[in-house]
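1. just the structure for this:
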Amino acid sequence: MSQDDTIFWNDTLLELFSELQTTPKGLTREESKARLTKYGANRLKPKKRINALSLFLSQFKSPIILLLLFSSVLAFLFSDQLDGLIIIVILLISSLLGFWQEYSATNAVQKLNAMVQIQVAVWRDGEL
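-> From the prediction side, this is the model:
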């Protein structure tokens, strides 16, 4: 798709009808079936669900978190167990809070998406 294809709102209705190869009265039923066969159904692909474990582990992707993990390992290596333990406890609490917020938000979005019903009206052979 070229840059010009994405600026459809600048086109007139006649230009859009021409580009989409349709008319103000819509497609014929035969043309609709042909396009359905050629292009497939006009549906969004559902997003892949993320399980809780991968969501929790994703909390440790941040560079600052990785740096703190590395520093806790160094603290343990250099016989400073208390500092290492404090860093790990803070990281776990932070990760659990981040996980809980992201998990709750993901569930809320899924529930909202389940409530949304998309309905459209189309013209076929000049009839709505």
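2. please make it C-alpha for all contacts and neighbour counts, starting now.
-> Noted.
3. so which elements touch the biggest helix by length in the chain?
-> As assigned by DSSP state H, the longest helix anywhere in the chain is helix 81-115. Other elements packing on helix 81-115 under the criterion 3 or more Cα pairs under 8 Å, 6 or more residues apart in numbering; DSSP states H and E are helix 52-57, helix 63-77.
4. which outside residues touch the first one?
-> Helix 52-57 is contacted by residues 95-96, 99, 102-103 when judged by Cα atoms under 8 Å, 6 or more residues apart in numbering.
5. for this protein, give me the ranges with low pLDDT.
-> Counting by pLDDT under 70, the chain contains low-confidence ranges at 1-6.
6. can you pull up the most central residue in it?
-> residue 47 (6.4 Å; Cα atoms, centre = their mean).
7. helix/strand/coil for that residue?
-> coil (DSSP: H, G, I helix; E, B strand; the rest coil).
8. from here on, count from 50
-> Shifting the count to begin at 50 puts that one at residue 96.
9. what is the burial count for residue 100?
-> 9 (other Cα atoms under 10 Å).
10. for the residue of the chain positioned farthest from its centre, give me its contacts.
-> Distance from the centre of the chain peaks at residue 128, with 44.6 Å (Cα atoms, centre = their mean). Listed by Cα under 8 Å, 6+ apart, residue 128 has no contact partners.
11. state the distance from it to residue 122.
-> 10 Å (Cα to Cα, to the nearest Å).
12. quick one: residue 92 is in a strand?
-> No: counting by three-state DSSP, residue 92 is not part of a strand but coil.
13. and it, how close does it get to residue 157?
-> From residue 92 over to residue 157 the distance is 22 Å, taken as Cα to Cα.
14. again with residue 111
-> Residue 111 sits 24 Å away from residue 157, taking Cα to Cα as the criterion.
15. same check on residue 125?
-> 40 Å.
16. save the contacts of helix 101-106 as TSV, and put in neighbour count and distance to residue 164 too.
-> Converted to TSV, these look like this (neighbours: other Cα atoms under 10 Å; distance: Cα to Cα, whole Å):
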residue	neighbour count	distance to residue 164
144	18	30
145	14	29
148	20	24
151	16	20
152	17	19
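17. great, nothing more from me.
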